[in-house]
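J.: Fold the following and give me the result.
(2 chains)
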Amino acid sequence: MDRYLRQITLPQVGNIGQEKLLKSKVLVIGAGGLGCAVLPYLVAAGIGEVGIVDGDRIEESNLHRQVLYASNKIGNSKARESASILQQNNPHIQIRVFEEYLTQKNAVEIISGYDLIIDATDNFFVRYTINDTCVALDKPFIYGSIYQFQGQVSVFNYKGGPTYRDIFPEKDQKVPNCEEAGVMGTTVGLIGMIQANEAIKIILEIGEVLSGKLLLYDLLRNEQQIFEFSKVEASQKAKIEPDFEFFSAEEVPEKQMMLLDVREIGEEPEIKLENYIQIPLSRLEKDLEKLDPKQSILVFCQSGMRARKAAKLLFEKGFQNLSLMSGGAKDLEYLQNHEEDLS
Amino acid sequence: MIQVKYFGMIAEATSKEEEKIDVGEKPFSEILSEISSKYQLGDLSYQVAVNKKLVSDFSKLQLEEGDEVAFLPPFSGG
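T.: Numbers count the residues shown, from 1 in each chain, chains lettered A, B, ... in the order given. Have a look, this model is predicted:
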């Protein structure tokens, strides 16, 4: 087959290298901006099985950077749509679709089927789930993320190497995603391409892998810097936090939960629902008696940061049935627009 | 003098990407808290690297002339 001839010609690849690629199984979590850059090159290079995890649907505001998607596919599943295009690009490999978000519930089942994991998500909390699951299952994972015109790439948990928690141990961080901070297609494209390149290097066992190294790429200055880091002693790491389940606003009616809004009074949009109470995070500790520790409570705010802090506080005060709402602004809009259905 | 570099959201908070600071004999932890309070970085999360190595224990570190300090926040876009 001539398909892979030009890469087989490379002395670092050869027939043996191509065999390694064809035998490998790579999971790409997120088929958004980074995923759209990572996926075509892995598929074209002949990775034997590529898994795509994404529960999201294509929106018009994705098209400028998620270049696999055509305008007439708005509304379609990203995982399914990308798989169908990529399968045409290379019909000789397996592509598996997971039309769902990665959660703490499904992470082990999905990740365990693959040799190498690529984190192409834009969600901070999912990154910790990927990290912790990869550590538990002993899988390396390639991290990539961007902020405006800067990107970070690193390979975590590679041959027992350091993990994401060795750089950023704390989950409670205020970090904006693309929706909030803005993004150019070329930025996610380049960062995703570096992730794909690391994947190929790991599989072929060539070059120097970004393990214990955080690559920071500033695309406005064309400057790359590599920062070294090592494993942090377990005793210095933050205490393992309680894990909360995530729900979307659409799942609320069937769950019979009390909705706890921890935004400050006056924050938009205003929400009026029956099973709803607003206690700003700043007042939560003083107003605990307004809540029943036995009641199942779904905590939310604008971006999810304060909700997580509030849930941790409630957990420490003995509340057991706590969960978080996942979608931020989207969920708030849903709550506002479905007041009648939910009450 | 030391060279300080700011990345991501931190550069937005400081309104600059780099600067030179005269630190004299001050301990590193004191320099960090001075920068943090000057630019109100208290709410933001970041890691600090000295000469391209991430620092996990600030207490023993003493900077030298010409050292490069970088403020690295986590990124989340994709």
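
J.: On the C-terminal side of the helix ranked longest in chain A, identify the next helix or strand.
T.: Identified as the longest helix of chain A according to DSSP state H is helix A:185-204. Next along the chain after helix A:185-204, taking DSSP states H and E as the criterion, comes strand A:213-218.

J.: contact partners of that following strand?
T.: Defining contact as CB atoms under 8 Å, 6 or more residues apart in numbering or on different chains, one finds that strand A:213-218 is touched by A:149-155, A:167, A:190-191, A:194, A:223-229, B:7, B:54, B:72. Just so you know, the C-beta spots here come from the backbone N, C-alpha and C atoms, and that holds for glycine as well.

J.: Weed out the non-buried ones from these.
T.: A:150-155, A:167, A:190-191, A:194, A:225, A:227, A:229, B:7, B:54, B:72 (16 or more other CB atoms under 10 Å in any protein chain shown).

J.: wait, A:Tyr41 sits on A:Glu198?
T.: No - contact criterion CB atoms under 8 Å: A:Tyr41 and A:Glu198 do not qualify, at 11.4 Å.

J.: who's more crowded, the two?
T.: Each of A:Tyr41 and A:Glu198 has its neighbours counted (other CB atoms under 10 Å in any protein chain shown); A:Glu198 has more, 27 against 16.

J.: coming back round to it: which of the buried ones among the contacts of strand A:213-218 fall in helices?
T.: A:Ile167, A:Leu190, A:Ile191, A:Ile194.

J.: middle-most residue in the chain, spatially?
T.: Chain wasn't specified; assuming chain A. Geometric centre of chain A, nearest residue: A:Thr121, 2.9 Å, by CA atoms, centre = their mean.

J.: my question was about chain B
T.: Note: chain B centre (CA atoms, centre = their mean) maps to B:Phe71, 4.3 Å.

J.: is it true that it touches B:Lys5?
T.: Yes - B:Phe71 is within contact range of B:Lys5, at 7.0 Å (criterion: CB under 8 Å).

J.: Report how many residues lie close to A:Gly33.
T.: 28.

J.: what two of the buried ones among the contacts of strand A:213-218 have the greatest distance between them?
T.: A:Leu190 and B:Leu54 (23.4 Å; CB to CB).

J.: still on that earlier bit, check the residue nearest to the centre of chain A and give its pLDDT.
T.: Per-residue pLDDT puts A:Thr121 at 95.

J.: could you list every residue that touches it?
T.: A:Ile29, A:Gly30, A:Gly32, A:Leu34, A:Leu102, A:Arg127, A:Ile130, B:Gly78.

J.: Okay, and which of the residues you listed map to strands?
T.: A:Ile29 (DSSP state E).

J.: Nearest to B:Ala49 among the contacts of A:Thr121?
T.: Checking the contacts of A:Thr121 one by one against B:Ala49 (CB to CB), the nearest turns out to be A:Arg127, at 20.0 Å.

J.: residues in contact with the closest one?
T.: Counted by CB under 8 Å, 6+ apart, A:Arg127 has contacts A:Asp119, A:Thr121, A:Tyr143, A:Ser145, A:Tyr164, B:Ser76.

J.: and the angle for the host helix or strand of the third one with helix A:185-204?
T.: When secondary structure is defined by DSSP H and E, A:Tyr143 falls within strand A:141-147. Using axes from the mean of the first three to the mean of the last three CA atoms, to 10 degrees, the interaxial angle of strand A:141-147 with respect to helix A:185-204 works out to 170 degrees.

J.: and stretch A:23-32, anywhere near chain B?
T.: Yes - Stretch A:23-32 reaches chain B (CB under 8 Å from any CB of the partner chain) through A:Gly30, A:Gly32.

J.: quick one: A:Asp119 and A:Leu273, what's the gap?
T.: 35 Å (CB to CB, to the nearest Å).

J.: What segments of the stretch 201-343 of chain A are strands?
T.: Remark: strands assigned in the stretch 201-343 of chain A by DSSP state E, counting those that start in this stretch are A:213-218, A:223-228, A:245-247, A:258-261, A:276-278, A:297-300, A:322-325.

J.: C-alpha coordinates for the first one, PDB please?
T.: Taking Å, rounded to 0.1, in the frame of the first residue of the first chain, the C-alpha atoms of strand A:213-218 are listed here in PDB:
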ATOM      1  CA  LYS A 213       8.300  19.700  30.600                       C
ATOM      2  CA  LEU A 214       5.700  22.300  29.900                       C
ATOM      3  CA  LEU A 215       6.000  23.900  26.500                       C
ATOM      4  CA  LEU A 216       4.600  27.400  26.400                       C
ATOM      5  CA  TYR A 217       4.100  28.700  22.900                       C
ATOM      6  CA  ASP A 218       3.500  32.400  22.400                       C
END
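
J.: partners of it in the sheet?
T.: In the sheet, strand A:213-218 lines up against strand A:150-156 (antiparallel), strand A:223-228 (antiparallel) (DSSP bridges).

J.: Dump these into a markdown table; add distance to A:Ser82 and mean pLDDT as well.
T.: Shown next, in a markdown table, are those (distance: least, CB to CB, whole Å; pLDDT from 0 to 100):
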| stretch | distance to A:Ser82 | mean pLDDT |
| --- | --- | --- |
| strand A:150-156 | 21 | 98 |
| strand A:223-228 | 28 | 97 |
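
J.: Same list, those strands, but as CSV with distance to A:Glu205 please.
T.: Putting these into CSV (distance: least, CB to CB, whole Å) gives the following:
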stretch, distance to A:Glu205
strand A:150-156, 13
strand A:223-228, 20
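
J.: And the worst-scoring helix or strand of chain B on mean pLDDT, what's buried?
T.: The helix or strand of chain B with the poorest confidence is helix B:28-38; it has a mean of 91 (mean pLDDT, DSSP states H and E). For helix B:28-38, the neighbour count (16+ other CB under 10 Å) marks B:Phe28, B:Ile31, B:Leu32, B:Ile35 as buried.
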